[in-house]
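Asker: With the input below, show me the fold.
(one chain, ligands or ions: 1)
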Amino acid sequence: MARTKYVAGNWKMNMDKAGAVALAKGLVENLKGLTAKYMIAPPFVYLDAVYQEIKDSNIILGAQDMAATENGAHTGAVSAVMLKDIGVKTVILGHSERRYEFYENDTLINKKVHEALKNDLDVVLCIGELSSHRIVGVTERICEIQIRSGLEGVTEEQLAKISIAYEPVWAIGTGKTATPEEAQEVHASVRSVIARLYSPKAADAITILYGGSMNAGNAEALLAQPDIDGGLIGGASLKADTFTPICQFASK
Ligand code: 13P
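Answerer: Numbers count the residues shown, from 1 in each chain. Predicted coordinates for the structure are as follows:
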């Protein structure tokens, strides 16, 4: 099956309102007519302003995280219902910065996955090993554990709303990208985990993104790998000039 390529920009905790709006405007212009799937995930406080710029474009609005619970007494949290209300279509869950800076564990991430699905949001579920895991050769095992726990209780039908982002933690924000071969090897193993957990058909259909210092210089080679279906981009998503070429490669 030919999977549509998917390029997502995770803006993390960057930008001010004017910069967010300007970047969104620039991307709407640059991505016009391109045929892959595109998403940008601004900080919560700029979601609404960015939505106003992209609502009639081919760019989907994403959130970087979400609460595991419904509306109620949860100081500081943002619910799936609130995100949907302002135009968010998809949510990034289980990012390594959430796992390691904010102590999110697989159980919480799985709860968030179900909360997102209950509210009809798409999910980008992030997984990935630390360099200490890679050194001792347990990369694929770690990814499998994160997939199994993150997707626990998710049906094959619901899986259609989920993409997986393989982001080796040692490659995030470091300028050290996994080589296309290293990334491909893990992507193929992620796909085989999905085949075992669900079915070969589900494995063939699922979108698996690579994230970790992906940029205009290395994107083409990464995207050429058979199991790399797109990218989750941090640093290079913060400027239209650096994000656009990646989107263009994906559209070929
Ligand atoms: P960088 O592209 O800055 O390495 O970030 C990747 C990432 O964490 C995207 O979610």
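Asker: Now do the SS call for the residue most central in space within the chain.
Answerer: With distances taken as Cα atoms, centre = their mean, the residue of the chain nearest its centroid is Val124 (4.2 Å). The three-state label given to Val124 by DSSP: H, G, I helix; E, B strand; the rest coil is strand.
Asker: Enumerate every residue touching the residue in the stretch 101-250 of the chain that the ligand sits nearest to.
Answerer: The minimum distance from the stretch 101-250 of the chain to the ligand, using Cβ to the nearest ligand atom, falls at Gly234 (2.3 Å). Using the backbone N, CA and C atoms, a C-beta is placed for each residue, glycine as well. Taking Cβ atoms under 8 Å, 6 or more residues apart in numbering, we find Gly234 in contact with Asn10, Lys12, Ile172, Gly173, Gly211.
Asker: ok, the residue nearest to the centre of the chain - contacts?
Answerer: 8, 39, 62, 90-93, 162-165, 209, 232.
Asker: Could you dump those residues into TSV with distance to Thr155 added?
Answerer: As requested, the contacts of Val124 are exported to TSV (distance: Cβ to Cβ, whole Å):
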residue	distance to Thr155
Ala8	24
Met39	23
Gly62	23
Thr90	19
Val91	19
Ile92	21
Leu93	17
Ile162	11
Ser163	16
Ile164	16
Ala165	21
Leu209	22
Leu232	24
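Asker: so which of the residues you listed are also by the ligand?
Answerer: Filtering these for neighbours of the ligand using Cβ under 6 Å from any ligand atom leaves Leu232.
Asker: and this structure, which of its residues are near the ligand?
Answerer: 10, 95, 167, 172-173, 211-214, 232-236.
Asker: Out of the contacts of Val124, which is nearest to Val81?
Answerer: Top of the list for closeness to Val81, among the contacts of Val124 and by Cβ to Cβ, is Val91 at 12.1 Å.
Asker: Let me know the helix or strand that that closest one is in.
Answerer: Using DSSP states H and E, Val91 maps to strand 90-93.
Asker: what's in contact with the next helix or strand after that strand?
Answerer: Remark: after strand 90-93, the chain's next helix or strand is helix 96-101, criterion DSSP H and E. With Cβ under 8 Å, 6+ apart as the test, helix 96-101 has contacts from Lys12, Asp65, Glu104, Asn105, Ile109, Cys126, Gly128, Glu167, Val169, Ile172.
Asker: and if we set it to 7 Å?
Answerer: With Cβ atoms under 7 Å, 6 or more residues apart in numbering as the test, helix 96-101 has contacts from Asp65, Glu104, Cys126, Gly128, Glu167, Val169, Ile172.
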